[in-house]
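# Here's my sequence, what's the structure:
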Amino acid sequence: MPKYNLPVSRNLWGFKTHMTKQLRLLPLAAMEKILKVHGADRVAENAKEALKEILESYAEKVAKHAVRFALHAGRK
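Numbers count the residues shown, from 1 in each chain. Okay, here's the model as predicted:
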């Protein structure tokens, strides 16, 4: 698996993030819905953005592992 030397920065919560093209994978409306389903009456904009950033960071890690495992197993 090729390793790219992408610039790394840290976000507000201290997570390492690669400064790649920022894709809008998860909409903020979905973050609000998740928070409301779990009991929030009102949701601040920064709470939606924080949840979005955390979930996207986790999804990126899972996707990288999935690709690595697929390549190891000889899948494309």
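# what bits of this protein have low per-residue confidence?
Low-confidence segments of the chain (pLDDT under 70): 1-24, 76.
# quick one, strands of it?
Assigned by DSSP state E, the chain shows strands spanning 8-10, 16-18.
# Tell me who's in contact with M31.
Applying C-beta atoms under 8 Å, 6 or more residues apart in numbering, we find M31 in contact with 43, 47-49, 51-52, 55. Heads up, the C-betas are built off the backbone N, CA and C, glycines and all.
# Among those, which lie within helices?
Members of the contacts of M31 lying in helices (criterion: DSSP state H): 47-49, 51-52, 55.
# Buried members of the residues you listed into PyMOL, please.
In PyMOL, this line selects whichever of those come out buried by 16 or more other C-beta atoms under 10 Å:
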select buried, resi 48+51+52
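# Next up, the contacts around the closest residue to K36 other than its chain neighbours.
Nearest residue to K36 in three dimensions, chain neighbours excluded: V43, at 6.5 Å (C-beta to C-beta, 6 or more residues apart in numbering). Residues counted as contacts of V43 (C-beta under 8 Å, 6+ apart) are 31-32, 35-36.
# if we go to 7 Å?
By C-beta atoms under 7 Å, 6 or more residues apart in numbering, V43 lies in contact with 32, 35-36.
# same check, this time on A47
L35.
# With K52 instead?
Counting by C-beta under 7 Å, 6+ apart, K52 has contacts 26, 28, 31.
# So which of the residues you listed sit within helices?
Using DSSP H, the contacts of K52 in helices are 28, 31.
# Can you tell me which of the contacts of K52 lies closest to V62?
Using C-beta to C-beta, L26 is the member of those that lies nearest V62, at 13.5 Å.
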